[in-house]
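Participant: Would you be able to build a 3D model of this:
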Amino acid sequence: IHQDVLNLFVLLLSHDSNTVCNSNPGYPGGSVVGFAPDENGRPVFIFSGMSTHTQDLLADPRCSVTIAAKEFKGAADGRVNLMGKVKLVPSEEREALKDIYLAKHPGAFWVNFGDFNWFRMDEIEDIRFVGGFARAGNVTPEEYAAASPDEISAFGMHVANHMNDDHMDSTIAMISSQIPGLD
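Facilitator: Numbering: from 1, shown residues only. Purely as a prediction, here's the structure:
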C-alpha cells in the first residue's frame, strides 16, 4: 500500500479536530470541529441541530474536511483533505459511534444531548495528501479504504522525542556510520 495512505491514517488517528467546509451562498465556509474516525477511517461528527454545520450539511452534503498533524505549524507539515458527502447516521448505528467518539473525546458530554445530530462522511470521493514540501499527491478512495493505520503512530512521536531529548549522543553514535557528515 502506498506510504502516503498509511500516513493519512496516522493523521486521522492522531488528530482531534479538523475543518469542515461546504457551500454557503456560493462560497465555501470553514469551521474547526471535532471528529473521530470510525473503523473504516470515515470521519464522524456530532453537531447541534442549531449549528450552521448541521444546516449546511442537511442542505448540501458535499464538503471538504482538512485534517492536520498534531504537530502542524505551517506549510512544511502534514495534512490531508478529504472531499465527499457527509450524511446523517442512521439511528441504529449511533450508539456504536458514540463509543468511538468518546474514546477520542472523553469530555464530549454533548453526545447525550437530544438536539445533537450524528454525521459521517460516508462517501469519500477525493483525497489530497500533503506530507510537507515536495511530498504531496492524491490518494484514491480505494487505496484509502484498503489501508490500515500504522500501529506505532500512537506512541512513535513520544518515543522519538524521548530519544532526541534524553539520549541524543547515544542515538547519533548508533546511526552515525549510516549518515555521512552526521558526526
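Participant: quick check: longest strand of the protein.
Facilitator: Looking across the chain with DSSP state E, the single longest strand is strand 116-132.
Participant: Neighbours of residue 110, how many?
Facilitator: Residues within reach of residue 110, counting by other Cβ atoms under 10 Å, total 13. Any C-beta I mention is one placed from the backbone N, CA and C, and that applies to glycine too.
Participant: now do the one 3 residues further on
Facilitator: Other residues within reach of residue 113 by the criterion other Cβ under 10 Å amount to 11.
Participant: Please apply the same query to residue 52.
Facilitator: Other residues lying near residue 52 total 13 when counted by other Cβ under 10 Å.
Participant: low-scoring stretches of this protein, by residue?
Facilitator: Residue ranges of the chain with pLDDT under 70: 1-29, 183.
Participant: same thing but 80
Facilitator: Segments of the chain classed as low confidence (criterion: pLDDT under 80) are 1-31, 69-72, 75-76, 131-134, 148-157, 180-183.
Participant: quick one: the helices in it?
Facilitator: Remark: helices assigned in the chain by DSSP state H are 3-14, 52-59, 94-104, 141-146, 156-166, 168-175.
Participant: Mean neighbour count, the ones you listed: which tops it?
Facilitator: Ranked by mean neighbour count, the helices of the chain are led by helix 3-14 with a mean of 20 (mean count of other Cβ atoms under 10 Å).
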